[in-house]
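Generate a structure from the sequence data that follows.
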Amino acid sequence: MNSHIKPDFFQAFILQWFDLHGRKDLPWQLASTPYHVWVSEIMLQQTQVTTVIPYFARFIEQFPNLDSLAKAKQDDVLHYWSGLGYYARARNLHKTAQIITTELNSTFPSTVEELQNLPGIGRSTAGAIASLALGQHAAILDGNVKRVLCRFFAIEGWPGKADVQKKLWMLTELLTPNKRTANFNQAMMDMGATICTRSKPSCTQCPIKMDCLALKKDIVSTLPTSKKKAKLPVRQQYWLALKQPKGIYLQQNAPAGLWGGLWTLPQFESLQALEQYCQSMGISTKAAKTLPSKRHTFSHFHLDYTTIIHHLASDPTPEELTESKKSCWYKVNKHVKIGLPTPVSRLINELQQ
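Take a look at the predicted model:
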């Protein structure tokens with residue numbers, strides 16, 4: 001692809017900027033092992049650096065290496081991920097750790113192709129691990145890099161579209177240098193995160209502003225092209241909060257799907273279904289308290305949930321509610337580590353105060 005700037009000039013400006021302003025003391029850079037880089041890259045998908053830093057610190061303290069993560073229970077892994085969202089990332093992280101320890105002799109694959117064969121590792125994440133941790137020449141294309149390239153080359157069209165994506169991969173591979181690849185890739189991510197930001201970019205401080213086509217055409221604010229927003233559908237649910245001295249009754253979701261493997265309150269599609277469930281358990285709904293509805297937004301729909309609270313006396317619990325592997329009575333102050341979705345965790349804290 002014809003570029004309006006020679007790759008070596010582009011690289012020189014970016015690397016010069018990195019030496020002066022690039023981020024060099026992020027927690028995962030202090031020991032840039034494949035394990036640390038991999039965990040940080042998975043956390044950084046869909047999530048900003050400032051949010052990730054405390055999560056990364058807690059996660060690494062609990063699972064300092066590949067073996068400790070592979071041996072951990074999924075509940076523990078999800079517990080330390082709780083609040084970061086997109087929980088399939090945590091399940092894939094756990095699965096990949098197990099694959100590397102059992103099938104690959106606890107050694108990280110050393111090529112982009114092999115890395116991409118592991119659950120949850122796409123082309124860009126593989127490129128980041130290969131370049132940042134293994135010192136290889138590999139290109140990356142995360143959200144920050146896409147934004148820099150879309151503006152610099154004035155590329156229109158939503159970056160998630162196959163043809164736009166293909167163009168961006170061609171450019172990032174053309175521009176990534178053979179030497180100092182790790183510094184260059186880090187610089188491109190830093191540029192997108194700190195200079196070429198989504199809103200209010202600091203164009204005056206940009207090292208490549210002289211050749212930025214979006215700046216020349218005055219279209220910086222319109223790039224990258226946004227995805228056409230479909231109106232998000234709304235789902236309705238009723239949550240049952242059963243309280244008794246032992247705690248709050250929780251059930252574990254199936255391993256895959258929404259909030260997979262996490263612990264939630266029993267959930268129902270209708271109030272009638274909730275009441276039928278209580279009836280079948282011999283739980284009287286007369287003194288129930290209904291909380292105002294709340295909304296939790298996922299990437300593809302809004303969830304409006306109404307919580308119905310029942311206080312159970314310290315009488316024996318109905319047989320079906322005795323603890324099993326898929327259910328428990330949970331107390332916030334108990335030293336039990338389980339994965340809780342943010343709205344459920346918030347609700348439990350409210351209920352137990």
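
Arg235 and Phe298 touch, don't they?
No. Between Arg235 and Phe298 no contact is recorded; they are 9.1 Å apart, counting by C-beta atoms under 8 Å. For glycine as for every other residue, the C-beta is placed from the backbone atoms N, C-alpha and C.

what's the closest non-adjacent residue to Glu156?
Of all residues not flanking Glu156 in the chain, Thr225 sits nearest, at 5.4 Å (C-beta to C-beta, 6 or more residues apart in numbering).

cool, and Pro207?
Leaving aside its sequence neighbours, Pro207 sits nearest to Trp17 (C-beta to C-beta, 6+ apart; 3.9 Å).

likewise Lys95?
Leaving aside its sequence neighbours, Lys95 sits nearest to Pro119 (C-beta to C-beta, 6+ apart; 4.7 Å).

And the residue nearest to Pro207, how far from Pro266?
Look at Trp17 and Pro266: by C-beta to C-beta, to the nearest Å, they are 54 Å apart.

those strands in this structure, which residues are they?
For the chain, the strands defined by DSSP state E occupy 234-244, 247-252, 263-264, 267-268, 289-290, 294-297, 302-311, 327-330.

in its sheet, what does the first one sit against?
The one in question is strand 234-244. Partners of strand 234-244 in the sheet, by DSSP bridges, are strand 247-252 (antiparallel), strand 267-268 (antiparallel), strand 302-311 (parallel).

Touching it from outside, list them.
By C-beta atoms under 8 Å, 6 or more residues apart in numbering, the list of residues contacting strand 234-244 from outside reads 248-249, 264-271, 273-274, 277-278, 283, 301-314, 317, 321, 329, 347, 351.

In contact with the spatially closest residue to Gly157 that is not a sequence neighbour: list those residues for me.
Using C-beta to C-beta, 6+ apart and skipping residues adjacent in sequence, the residue nearest Gly157 is Val164, 4.3 Å away. Val164 makes contact with Ile155, Gly157, Trp158, according to C-beta under 8 Å, 6+ apart.

which of these tops the neighbour count?
Using other C-beta atoms under 10 Å as the neighbour criterion, Ile155 leads the contacts of Val164 with 19 neighbours.

residues contacting that one?
By C-beta under 8 Å, 6+ apart, Ile155 lies in contact with Leu149, Val164, Lys167, Leu168, Leu223, Pro224.

what do you get if the cut-off is 10 Å, keeping everything else the same?
Lys146, Leu149, Val164, Lys167, Leu168, Leu171, Leu213, Ala214, Leu223, Pro224, Thr225 (C-beta atoms under 10 Å, 6 or more residues apart in numbering).

thought the residue nearest to Pro207 was touching Ala187?
Yes. Between Trp17 and Ala187 there is a contact under C-beta atoms under 10 Å: 6.3 Å.

that older thread, count of neighbours near the residue nearest to Glu156?
Neighbour count for Thr225, taken as other C-beta under 10 Å: 15.

likewise Gln352?
13.

That one: what's it in contact with?
Residues counted as contacts of Gln352 (C-beta under 10 Å, 6+ apart) are Lys243, Gly247, Ile248, Tyr330, Lys331, Val332, Asn333.

so how far is Ser345 from it?
To Ser345, Gln352 is 11 Å away according to C-beta to C-beta.

Go through the strands of the chain and name the closest to Ser199.
Across the strands of the chain, the minimum distance to Ser199, taken as C-beta to C-beta, is reached by strand 294-297, at 19.7 Å.

about what we covered before: can you tell me which of the contacts of Val164 lies closest to Asn183?
Among the contacts of Val164, Ile155 lies closest to Asn183 (C-beta to C-beta), at 24.4 Å.

Next, find the distance separating the closest one from Ala187.
Distance from Ile155 to Ala187, counting by C-beta to C-beta: 20 Å.

again, but for Ile53
Taking C-beta to C-beta, one finds Ile53 at 19 Å from Ala187.

Could you do Pro109 as well?
With distances taken as C-beta to C-beta, Pro109 is found 25 Å from Ala187.

which of these two has more neighbours?
Ranked by neighbour count (other C-beta under 10 Å), Pro109 and Ala187 place Ala187 first, with 24 against 20.

my guess is the more buried one contacts Pro207, does it?
Yes. Between Ala187 and Pro207 a contact is recorded at 9.0 Å, counting by C-beta under 10 Å.

Alright, I will stop here.
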